[in-house]
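1. My questions are about this predicted structure, shown below with the sequence.
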Amino acid sequence: MTALQSLLDTFRGTAKTEREKGTYFERLVKAYLLNEPYYRDLYAGRVWLWEEWRGDAAKRGAGNVGTDAGIDLVAETTTGELHAIQAKFYDAEAQLTLRELSTFLTAAGRKTFSHGLIFLTATRSTGHLRDALQGQKTPISLVTLHDLEGSQIDWSRYQPGAKPVLKPQKQLRPHQQSALTAVKAGLAAADRGKLIMACGTGKTFVALKIAEELAGKGGRVLFLVPSLALLSQALTEWTQESGIPLHSYAVCSDTWVPHAAPPCAPRRTDSRAATARDIRGNRQRVKAGEPAPDLRDKWPQSVVAVRLHALDCARPTHRKPPGLGNL
């Protein structure tokens, strides 16, 4: 049993009512959104439990927004978009359908919200719900138990109401340091090269450290991957492990993807059930025909991640000044 599973079992055993159990999980979700590097960057601390949001909404002139109507939390991005969030604390074996989510989906579909997130502990329901949620009026992302397990938060030390303790970031191992040194030496004498490493030896992490060493603060990195699964993996690890704060953009080839949705459209040919709405690690999505983002001086390091299938979309985007013209 993992530390997070043990923690959730403690919630189940301690809570005297279903409402109390749900409150424990909602507060855990809030702590996650405030401290997990990707969401910390995305929301910059603007996350409210529903009861907290009611007061904030009134101050904004929205009046009394009423009961939660299936929405447990609200978050606001740094660009001012509101995201509706539901925390579904079920047993791992529970079988959920869209019927259990219907109230939330209706509430999240209001024009107030540009995106929805569902935190789901029922692991058996993840696959069919991910498929069923495609095509919703408001894009909906699933955050699964697996995602929570992969957090930088040290769940073994989590205490409700206290600031979460984060796991220490990785350090280069000797073979990884050797790879980094070799790449720096090679690129000092040539403008391109290959780094070949075996599976499981930390290629993604080494790539991050190469980018930090060679591009550095204020630099720009173009990162090409063959699949959505690798795009998700790379952006998640880079966001969690970066020594230099970074902001990442993802280029997609599908013009229908909403601006508030994650970056790339789903492809059935991918080796795992990754969809556009599962990709994390970026706040801004770049689509074909859109003006290129101006990356100058806004972030210590900017990373543009492109699935190879969408490379034709990246070319017209990065040629448009003043955005990615120097890539």
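-> That came through fine. Numbers count the residues shown, from 1 in each chain.

2. Could you list the low-pLDDT ranges of this structure?
-> 63-64, 68, 250-300, 306-327 (pLDDT under 70).

3. Give me the domain ranges for it.
-> Per automatic domain parsing, the structural domains of the chain span 3-157, 215-318.

4. Please report how far L117 lies from S302.
-> Here the criterion is C-beta to C-beta, to the nearest Å. By it, L117 lies 25 Å from S302. (Each C-beta comes from the backbone N, C-alpha and C, glycine too.)

5. Ok, W238 next?
-> Counting by C-beta to C-beta, the gap from W238 to S302 is 12 Å.

6. And the closest residue to R27 other than its chain neighbours, which helix or strand is it part of?
-> Of all residues not flanking R27 in the chain, P160 sits nearest, at 5.8 Å (C-beta to C-beta, 6 or more residues apart in numbering). Using DSSP states H and E, P160 sits within no helix or strand.

7. Would you map the strands across the stretch 51-200 of the chain?
-> For the stretch 51-200 of the chain, the strands defined by DSSP state E, counting those that start in this stretch occupy 73-76, 82-88, 115-120, 140-144.

8. could you say what helices and strands the last one packs with?
-> Contact here means 3 or more C-beta pairs under 8 Å, 6 or more residues apart in numbering; DSSP states H and E; on that basis strand 140-144 packs against strand 115-120, helix 126-132.

9. Can you get me the centre-to-centre distance for it and its chain?
-> Computed by C-alpha atoms, centre = their mean, to the nearest Å, the chain-centroid distance of strand 140-144 equals 10 Å.

10. That one - which strands sit beside it in the sheet, and in what orientation?
-> Taking DSSP bridges as the criterion, strand 140-144 forms sheet pairs with strand 115-120 (parallel).

11. Give me the contacts around the partner strand.
-> With contact meaning C-beta atoms under 8 Å, 6 or more residues apart in numbering, strand 115-120 is reached by 25, 29, 75, 81, 83-88, 90, 96, 101, 104-105, 108, 126, 129, 133, 136, 138-145, 148, 260-261.

12. ditto for stretch 36-45
-> By C-beta under 8 Å, 6+ apart, stretch 36-45 touches 32-34, 47, 75-78, 151-153, 236, 239-240, 242, 245, 247, 280-281, 283.
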